[in-house]
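**Q** Please find the sequence and the predicted model below.
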Amino acid sequence: MLSYGWPVADGLTEVLCIDYPDVVAYLNTDQVCARDAGRLREAGRYNTVAEPIDEVIRRSDDDAEFSILAGESVFVGSKILDIGALVPDYLPVTPHGVIVGAPSRNLLMVHPIHAAGPLLAAVNAMAHLCQTLSAGNPGPISGDLYH
């Protein structure tokens, strides 16, 4: 049981993991409680931001424009925890925010919000793809989209 998790959004909780060569393991409550949880979380966030994004796949389907950030790292999807760290390399500054999905540990989907029309098209396309990728990839995170 991971009672130390930090809620991120409805149905999405941040927990601490260690990437071993052959497996990713969750830190359990006893491991976290025996240390400074805040410092562990800070180190985890720092390391997650540093993980490389290997590929940016631009999607443009029926006026729906968004990007899929992909990588070999099992923590690319965890970049959902700090979207601001993706500016300016992968996202522009957007005063209205970003629609984001983390269908699996290796993928992050993003759409910077600029206008209502493209937003609706992007949300529709991203929602379907996020559900599909979440169900069909190892290490699913969430099939939902977030703002």
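**A** Perfect, I can see it now.
**Q** what's the longest helix seen in the chain packed up against?
**A** When the chain is parsed with DSSP state H, its longest helix is helix 116-136. When contacts are defined as 3 or more CB pairs under 8 Å, 6 or more residues apart in numbering; DSSP states H and E, helix 116-136 packs onto strand 55-61, strand 64-70, strand 98-104, strand 107-112, strand 145-146. Glycine gets a C-beta too; all of them are placed from N, C-alpha and C.
**Q** Select, out of those, the one closest to Gly77.
**A** Nearest to Gly77 among those is strand 98-104 (4.0 Å), distances taken as CB to CB.
**Q** Which residues does the closest one contact?
**A** Outside strand 98-104, the residues within contact range by CB atoms under 8 Å, 6 or more residues apart in numbering are 66, 77-80, 83, 91, 108-113, 119, 122-123, 126-127, 129-134, 137-147.
**Q** Now the buried members of those.
**A** 66, 77-80, 83, 91, 108-113, 119, 122-123, 126-127, 129-131, 133-134, 140-146 (16 or more other CB atoms under 10 Å).
**Q** do you know how far the nearest residue to Pro140 once chain neighbours are set aside is from Gly44?
**A** Spatial nearest neighbour of Pro140, excluding adjacent residues (CB to CB, 6 or more residues apart in numbering): Ser134 at 4.5 Å. According to CB to CB, to the nearest Å, Ser134 and Gly44 sit 22 Å apart.
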